[in-house]
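# sharing a model that was predicted from the sequence below.
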Amino acid sequence: MIENTTVFAATGAILAAMAIGFLLWTRRLSDACRYYGYAVVVACGAMSGAYLLMAAELLTVTTSGRTESVARFIGYSIAWAAVCYVLEVTTDADRRYTLALLGTILTCLWATMASWVLSGIAGTVVSVAIFAALLGMIYVLVGPLAREATAVSGERTLLYGKLKNLSLLVFIGLIITGMLSEQNLNFTDAFVGQTIATYLDLVWLAGFGAILLRSEAALEDAAVSTIDRSHATTESVDGSGAGVSGVTTAD
C-alpha cells in the first residue's frame with residue numbers, strides 16, 4: 001500500500017503546479033480582474049503548503065491513537081477564506097453574510113478536528129456543533145447570498161450558482177468523510193479516508209480555479225461594481241466630513 005506521506009507529497013506538488021498554472025492564467029486577465037484570480041492562487045498555495053507539511057509530519061496531534069496534522073485545517077481555513085472573498089465580490093453581498101459564511105465553515109472544520117480528539121459528552125457536543133454549523137453554511141449560501149446574487153448581472157448570478165454548487169458538494173463531502181473516518185464512526189480506514197479527502201481537495205480547487213477564471217465577463221462586471229461602491233463610500237465619507245466642517249465653521 002502506498003504510504004500516506006507519499007500521497008501527501010505528490011498532492012502538495014500537484015497543488016503547487018496548479019497554483020503556478022492559475023497564476024499564469026491570472027496574469028492574462030485584465031488588471032481589474034487579477035485580484036480575484038489571486039484568490040485562487042492563494043487557495044491552491046495554502047493547500048499545497050498544508051499537504052507538504054503533512055508529508056513532513058509537522059504540526060501533528062494525537063487523535064484516537066493516530067497522529068494527524070493540523071496543517072490540513074490551517075490550509076482549509078485560508079483556502080475557504082479565499083472562496084468566501086470571491087463569493088462576496090461576485091454577489092456584492094453585505095460583509096456580515098460573508099463573515100457568517102466563513103464562521104460556519106471554520107466551525108465545521110475545526111469542530112471536525114476536535115471530534116477526532118474528544119470523546120464522551122464533549123464529543124457529542126462537538127458533533128452537534130458540526131451539524132448546526134453545516135446547516136448554517138447551507139442557509140447562508142442558498143438564502144441571503146443567493147438573494148444578493150439575483151440583484152447583480154446575469155453573468156455574475158451564473159458564476160455564483162456554479163461556485164455555490166461546487167462549494168456545497170465538496171464541503172459536505174469533506175464533512176461526511178471526516179465523520180466516517182476511523183477516528184469517528186470507523187467506517188473507513190486511514191488510507192481510504194485520506195484518499196477521498198485528497199481527491200475532493202483536488203476537484204474543489206481545480207473546479208474553483210477553472211470556473212472563476214473562465215468567467216472573465218462576470219469578473220469584469222464585479223470589478224466595476226467594486227470600484228463604484230468604493231467611490232460611493234469615499235464620497236459619503238467626504239460629504240459627512242464636509243458637513244461636520246461646515247457646522248463647526250458656522251459655530
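That came in fine, so what should we check first?

# the helix or strand where Met54 lies - contacts with which helices or strands?
Counting by DSSP states H and E, the element that carries Met54 is helix 34-55. Applying 3 or more C-beta pairs under 8 Å, 6 or more residues apart in numbering; DSSP states H and E, one finds that helix 34-55 contacts helix 4-27, strand 66-69, helix 71-91, helix 190-213, helix 216-250. (Glycine included, C-beta is placed from N, CA and C.)

# residue contacts, Phe131?
Not one residue lies near Phe131 by C-beta atoms under 8 Å, 6 or more residues apart in numbering.

# how far away is it from Leu202?
Remark: distance between Phe131 and Leu202 (C-beta to C-beta, to the nearest Å) = 26 Å.

# over to Ser167?
15 Å.

# so these two - more neighbours on which side?
The neighbour comparison of Ser167 against Leu202 (other C-beta atoms under 10 Å) goes to Ser167, with 21 against 16.

# which of the helices and strands packed on helix 34-55 sits most buried?
helix 71-91 (a mean of 22; mean count of other C-beta atoms under 10 Å).

# which other helices and strands does that helix contact?
helix 34-55, helix 95-117, helix 144-149, helix 154-180, helix 190-213, helix 216-250.

# quick one: the ones you listed as TSV, columns for distance to Val61 and mean pLDDT too.
Converted to TSV, the helices and strands packed on helix 71-91 look like this (distance: least, C-beta to C-beta, whole Å; pLDDT from 0 to 100):
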stretch	distance to Val61	mean pLDDT
helix 34-55	12	93
helix 95-117	7	89
helix 144-149	33	92
helix 154-180	15	87
helix 190-213	15	87
helix 216-250	39	62
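
# let's have these in a markdown table, adding distance to Leu15.
Output for those, formatted as a markdown table (distance: least, C-beta to C-beta, whole Å):
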| stretch | distance to Leu15 |
| --- | --- |
| helix 34-55 | 4 |
| helix 95-117 | 18 |
| helix 144-149 | 27 |
| helix 154-180 | 15 |
| helix 190-213 | 7 |
| helix 216-250 | 23 |
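
# of all those, which lies closest to Tyr85?
helix 34-55 (5.6 Å; C-beta to C-beta).

# for the residue lying closest to Val41 once chain neighbours are set aside, give me the pLDDT.
Spatially, and ignoring its direct neighbours in sequence, Val41 is nearest to Leu23 (4.9 Å; C-beta to C-beta, 6 or more residues apart in numbering). On pLDDT, Leu23 comes in at 96.

# if I pick Leu23, what's in contact with it?
Counting by C-beta under 8 Å, 6+ apart, Leu23 has contacts Gly37, Tyr38, Val41.

# residues touching the second one, list them.
If a contact means C-beta under 8 Å, 6+ apart, then Tyr38 has Leu23, Thr26 as its contacts.

# next, work out how far apart it and Leu213 are.
11 Å.

# before we move on, the earlier item: can you redo the contacts of Leu23 as CSV with distance to Leu163?
Output for these, formatted as CSV (distance: C-beta to C-beta, whole Å):
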residue, distance to Leu163
Gly37, 14
Tyr38, 16
Val41, 16
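
# my read: Cys44 touches Gly12, true?
No: assessed by C-beta atoms under 8 Å, Cys44 is found out of contact with Gly12, at 10.5 Å.

# so which of the helices and strands packed on helix 71-91 comes closest to Glu88?
helix 95-117 (4.2 Å).

# distance to Ser119 added to the helices and strands packed on helix 34-55, as JSON lines?
JSON lines is the format used below for the helices and strands packed on helix 34-55 (distance: least, C-beta to C-beta, whole Å):
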{"stretch": "helix 4-27", "distance to Ser119": "24"}
{"stretch": "strand 66-69", "distance to Ser119": "14"}
{"stretch": "helix 71-91", "distance to Ser119": "19"}
{"stretch": "helix 190-213", "distance to Ser119": "18"}
{"stretch": "helix 216-250", "distance to Ser119": "46"}
